[in-house]
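Student: Model the structure of this input:
(one chain, ligands or ions: 2)
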Amino acid sequence: MERVDGKCPQRRSKTKNCTVIFHGDQPMKLDGLSAFRTAILHFSDDPTKVGEKESYTYFPDGLLLVRSGMVEKVGPAEKLLPQLSAQTPVTTFPHSLIVPGFVDCHVHYPQIEMMAAPGGQLLEWLDQYVYPVERQFADPHKAAQRAEFFLDELLRNGTTTALVFATVHPASVDAFFTVAQNRRLRMICGKVMMDRNVPADLTDTPESGYQESKTLIARWHGKDRLRYAVTPRFAPTSSDAQLARAGQLLHEHPGLYLHTHLAENRDEVDWVGKLFPDRSSYLDVYAHHGLLSRRTVLAHSIHLNTRDFQLLHQKEAGIAFCPSSNLFLGSGLFDLKTAEAEKVRVGLGTDIGAGTSLSLLRALNEAYKIQKLRDHVISPFKMLYLATLGGAKTLDMDDKIGNFEPGKEADFTVLDCDATPLLAMRMAACRTLAEKFFVLAMLGDDRAVAATYVMGRPAHLRDRSVSV
Ligand code: GUN
Ligand code: ZN
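Tutor: Ligands and ions are numbered 1, 2, ... in the order given. Below is the predicted model:
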């Protein structure tokens, strides 16, 4: 794009990855209207539910208009450009695709430094690698440093919202939310509650876990774009008394999230059976304490039966499917087909540090292969739905993020379709839109994220010489 109004642009900055054209001689106002031009894709619903064609809108040459951090309009560039005033900066990304910011439905920020730790399955891996690292988050400086690093990485991978485990230390939550708030991010986090079956110096108690969570809720829940999740680690590390206190917190503060793990590993499931002999299933442990609602997200949920899925549907609870982690720890193959059939909301989780990448494109690659092994095929459209609106729905935030409906928050990711020589070559050979999306999801990773915008402002620019 060179001209939109018949005049020569007054100011311009151009690099390989983006061109910004200012048509007036006034400085760009960040809270005024800005426009972003390239191919644009977003979803209005689940392709599995409404059919592929009805689920998405695609503009091959689109324009996304953002005002004061919110989506004003999206549509064909040809139609919208003539409506812009000369002062509106138009940023153009060649050979790119704008999608809503990715949503990671399950990740542990403190575990970023022990990713790719080799060894046994879940329970052994927790003892050997996870608890020693999480212990260090008693130190607020360490927590602040890691939170900065983690959020840098998240944005570099095109993810703008996540549901995040901290550690048992309240300072780890303060550190995370402080950094997220400074970056104007929409994030959910919570202090881990665990009062048994972990090293003694990492335990809280039903009372201290309750009180500390309550203080953090008062400090952070609903502040700017932040929300709080009551976070019992998983059933084996919380007593009945603690799970009851978690239920009490949810009851006392409507709108909170509940974030935990469910049925990830067979030894874990057997252990829960022994620890809670009066409960009919692992899921029943959580149901018994009133922990299941529309704001509940259960990571993994691999070893479930159809009755469990039906209960999840009835309670409207969501699942975070964590393909990379499930393969890395040898946990099992998530049954997406039954989740879809039973109408349970599913989003994607990277589950760092058991997951080996923070990229949701990489997660899609592995999700596809897992479902292939289960005789279930995820379509390219469903893939990009899962990483965007599907995640937003799972987090019950689709009224705010997940697509480009006017009035939603303008978090978006610019994917570079020519990011690597291989991607460029493969893309050029694609014949259909579906094939393009599939190739992007299968071959893409952080290298394909040219830019990430939060509330309409650049939060990550792969090519840092771009100034917008
Ligand atoms: N189950 C309980 N804690 C954890 C954890 O930190 N990671 C994973 N993958 N599963 C868990
Ligand atoms: Zn996890």
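
Student: So which bits of this protein are right by ligand 2?
Tutor: By C-beta under 5 Å from the ion, the residues of the chain that approach ligand 2 are 299, 351. Any C-beta I mention is one placed from the backbone N, CA and C, and that applies to glycine too.

Student: where in the chain is pLDDT low?
Tutor: Residue ranges of the chain with pLDDT under 70: 1-31, 465-468.

Student: center of it, which residue is that?
Tutor: residue 104 (1.7 Å; C-alpha atoms, centre = their mean).

Student: so that one is in which element?
Tutor: strand 102-108 (DSSP states H and E).

Student: could you check whether that strand is close to ligand 1?
Tutor: Yes - Strand 102-108 lies within reach of ligand 1 by C-beta under 6 Å from any ligand atom, at residue 108.

Student: Would you mind writing the CA trace of that strand as CSV?
Tutor: Output in CSV follows, covering the C-alpha atoms of strand 102-108 (Å, rounded to 0.1, in the frame of the first residue of the first chain):
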residue,chain,number,x,y,z
PHE,A,102,-3.4,-16.4,21.3
VAL,A,103,-4.8,-17.6,24.6
ASP,A,104,-2.9,-20.1,26.7
CYS,A,105,-5.3,-21.9,29.0
HIS,A,106,-2.7,-23.5,31.3
VAL,A,107,0.9,-22.6,32.0
HIS,A,108,3.2,-22.4,35.1
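
Student: what comes up buried for it?
Tutor: 102-108 (16 or more other C-beta atoms under 10 Å).

Student: My understanding was that residue 96 contacts residue 39; is that so?
Tutor: Yes - using C-beta atoms under 8 Å, residue 96 is in contact with residue 39, at 6.7 Å.

Student: what does the stretch 1-150 of the chain put close to ligand 1?
Tutor: 108, 122, 126, 130.

Student: Which residues are in contact with the closest residue to residue 385 other than its chain neighbours?
Tutor: Distance criterion C-beta to C-beta, 6 or more residues apart in numbering; nearest residue to residue 385, sequence neighbours excluded, is residue 43 at 4.8 Å. Counting by C-beta atoms under 8 Å, 6 or more residues apart in numbering, residue 43 touches 55-57, 381, 384-385, 388-390, 402-403.

Student: can you redo the residues you listed as JSON lines with secondary structure?
Tutor: Formatted as JSON lines, the contacts of residue 43 follow (DSSP: H, G, I helix; E, B strand; the rest coil):
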{"residue": "55", "secondary structure": "helix"}
{"residue": "56", "secondary structure": "strand"}
{"residue": "57", "secondary structure": "strand"}
{"residue": "381", "secondary structure": "helix"}
{"residue": "384", "secondary structure": "helix"}
{"residue": "385", "secondary structure": "helix"}
{"residue": "388", "secondary structure": "coil"}
{"residue": "389", "secondary structure": "helix"}
{"residue": "390", "secondary structure": "helix"}
{"residue": "402", "secondary structure": "coil"}
{"residue": "403", "secondary structure": "coil"}
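
Student: and of those, the nearest to residue 331?
Tutor: Of all the contacts of residue 43, residue 390 has the smallest distance to residue 331: 21.1 Å, by C-beta to C-beta.

Student: Double-check that residue 98 belongs to a strand.
Tutor: Yes - using three-state DSSP, the secondary structure at residue 98 is a strand.

Student: For it, give me its contacts.
Tutor: Counted by C-beta under 8 Å, 6+ apart, residue 98 has contacts 36, 38-41, 62, 64, 412-415.

Student: Which among the residues you listed count as buried?
Tutor: 36, 38-41, 62, 64, 412-415.

Student: just curious, which of those residues is nearest to residue 320?
Tutor: Nearest to residue 320 among those: residue 413, at 19.3 Å, using C-beta to C-beta.

Student: ok so, going back, how about the residues of the stretch 1-150 of the chain next to ligand 1, which pair is most distant?
Tutor: 108 and 122 (13.1 Å).

Student: top helix in this protein by residue count?
Tutor: helix 140-156 (DSSP state H).

Student: Residues touching that one, excluding its own?
Tutor: In contact with helix 140-156 (C-beta under 8 Å, 6+ apart) are residues 104, 107, 109-110, 112-113, 136-137, 160, 162, 166-167, 169, 171-172, 174-176, 178-180, 183, 185, 358, 446, 449, 452, 454, 459-460, 462.

Student: how about 6 Å then?
Tutor: 109, 112, 136-137, 171-172, 175-176, 179, 358, 446, 452, 459-460 (C-beta atoms under 6 Å, 6 or more residues apart in numbering).

Student: got the buried residues for it?
Tutor: Buried-residue list, helix 140-156, by 16+ other C-beta under 10 Å: 142-144, 146-148, 150-151, 153-156.

Student: now the angle from that helix to strand 102-108?
Tutor: 150 degrees (axes from the mean of the first three to the mean of the last three C-alpha atoms, to 10 degrees).

Student: In the stretch 301-450 of the chain, mark out all the strands, start to finish.
Tutor: Remark: strands assigned in the stretch 301-450 of the chain by DSSP state E, counting those that start in this stretch are 318-321, 346-348, 412-416, 449-454.

Student: I'd like to know which of the ones you listed lies nearest to ligand 1.
Tutor: Comparison of those against ligand 1 by C-beta to the nearest ligand atom identifies strand 318-321 as nearest, at 10.4 Å.

Student: That closest one: partners in the sheet, and parallel or antiparallel?
Tutor: strand 296-300 (parallel), strand 346-348 (parallel) (DSSP bridges).

Student: if I look at the residue nearest to the centre of the chain, how far off is residue 420?
Tutor: With distances taken as C-beta to C-beta, to the nearest Å, residue 104 is found 23 Å from residue 420.

Student: next one: residue 149
Tutor: In terms of C-beta to C-beta, residue 149 sits 25 Å off from residue 420.

Student: Can you name every helix or strand that whichever helix or strand comes after the strand holding residue 104 contacts?
Tutor: Next along the chain after strand 102-108, taking DSSP H and E as the criterion, comes helix 122-125. Using 3 or more C-beta pairs under 6 Å, 6 or more residues apart in numbering; DSSP states H and E, no helix or strand is in contact with helix 122-125.

Student: Residues contacting helix 122-125, please?
Tutor: 119, 264-265, 267-268, 329.

Student: Tell me which residues of that helix come out buried.
Tutor: Buried residues in helix 122-125 (16+ other C-beta under 10 Å): 122-123, 125.

Student: Which of those residues sits closest to residue 198?
Tutor: For these, the nearest to residue 198 is residue 123 (11.1 Å; C-beta to C-beta).

Student: Quick check: closest non-adjacent residue to the closest residue to ligand 1 within the stretch 351-468 of the chain.
Tutor: In the stretch 351-468 of the chain, the residue that lies nearest ligand 1 is residue 354 (3.9 Å; C-beta to the nearest ligand atom). Closest residue to residue 354 apart from its sequence neighbours, by C-beta to C-beta, 6+ apart: residue 325 at 3.7 Å.

Student: Would you confirm that that neighbour contacts residue 352?
Tutor: No - using C-beta atoms under 6 Å, residue 325 is not in contact with residue 352, being 8.1 Å away.

Student: Between the two, which is the more surrounded one?
Tutor: For residue 325 versus residue 352, the count of surrounding residues by other C-beta atoms under 10 Å is larger for residue 352: 30 against 27.

Student: give me phi/psi at that one?
Tutor: In terms of degrees, to the nearest 10, the main-chain angles of residue 352 are phi -60, psi 140.
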